[in-house]
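S.K.: give the three-dimensional model of this entry:
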Amino acid sequence: MSFLPYAIAAWLFVIGLFGIVRSRNLVITIASLSVVQSSTYLVLLGVGYRTGAQAPILADIPQVARTVDPVVHALALVDVVVEATLFALLLALAVQGHKRYGSVDPDEMRIMRG
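M.R.: Predicted coordinates for the structure are as follows:
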């Protein structure tokens, strides 16, 4: 088991979190959120990976063979779909905010202030 996928996932998470905290633009904030979400792909695939394991097609291999966990890969695929849907929804909201307020800077959207 390698530490590298987890280190890269942590690095992506920190970079994305830094982009969320420092950005004054909704589109860049949404893109940074996408970077944070992509770090979860690496964590899921790092958990499911096994060195020397085969694909989980059990019809062609012996029963004693080591296989990769297919559930983790299915979760990563679901994560990709959820992230794409969330990204599209948030970008649509940013476009509507720009149409209504003329800016994507959260400070210039006065109605949204609490």
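S.K.: ok, residues contacting stretch 29-42?
M.R.: Defining contact as Cβ atoms under 8 Å, 6 or more residues apart in numbering, one finds that stretch 29-42 is touched by 5-6, 8-10, 12-13, 15-20, 23, 76, 79-80, 83, 86-87, 90-91, 94. The way it works is simple: take the backbone N, C-alpha and C, and place the C-beta from them, glycine included.
S.K.: same thing with stretch 56-75?
M.R.: 44-45, 47-50, 52-55.
S.K.: just to be sure, which of the residues you listed are found in helices?
M.R.: Counted as lying in helices by DSSP state H, out of those, are 44-45, 47-48.
S.K.: now the helices for the chain?
M.R.: Using DSSP H, the helices assigned to the chain run over residues 4-22, 26-48, 70-101.
S.K.: and those, which is most packed in?
M.R.: Each of those was scored by mean neighbour count; the highest is helix 26-48, a mean of 18, by mean count of other Cβ atoms under 10 Å.
S.K.: any chance of CSV for the contacts of stretch 56-75, columns pLDDT and distance to residue 30?
M.R.: CSV is the format used below for the contacts of stretch 56-75 (pLDDT from 0 to 100; distance: Cβ to Cβ, whole Å):
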residue, pLDDT, distance to residue 30
44, 87, 22
45, 84, 24
47, 84, 27
48, 81, 28
49, 77, 29
50, 77, 35
52, 79, 40
53, 78, 36
54, 75, 39
55, 75, 35
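S.K.: for those, which one is nearest residue 103?
M.R.: Nearest to residue 103 among those is residue 44, at 36.6 Å by Cβ to Cβ.
S.K.: correct me, but that closest one touches residue 76?
M.R.: Yes: contact between residue 44 and residue 76 holds when scored by Cβ atoms under 8 Å: they sit 4.4 Å apart.
S.K.: circling back to that earlier point, can you name the two of the ones in helices among the contacts of stretch 56-75 that are farthest apart?
M.R.: The widest separation within the ones in helices among the contacts of stretch 56-75 (Cβ to Cβ) is 7.3 Å, between 45 and 47.
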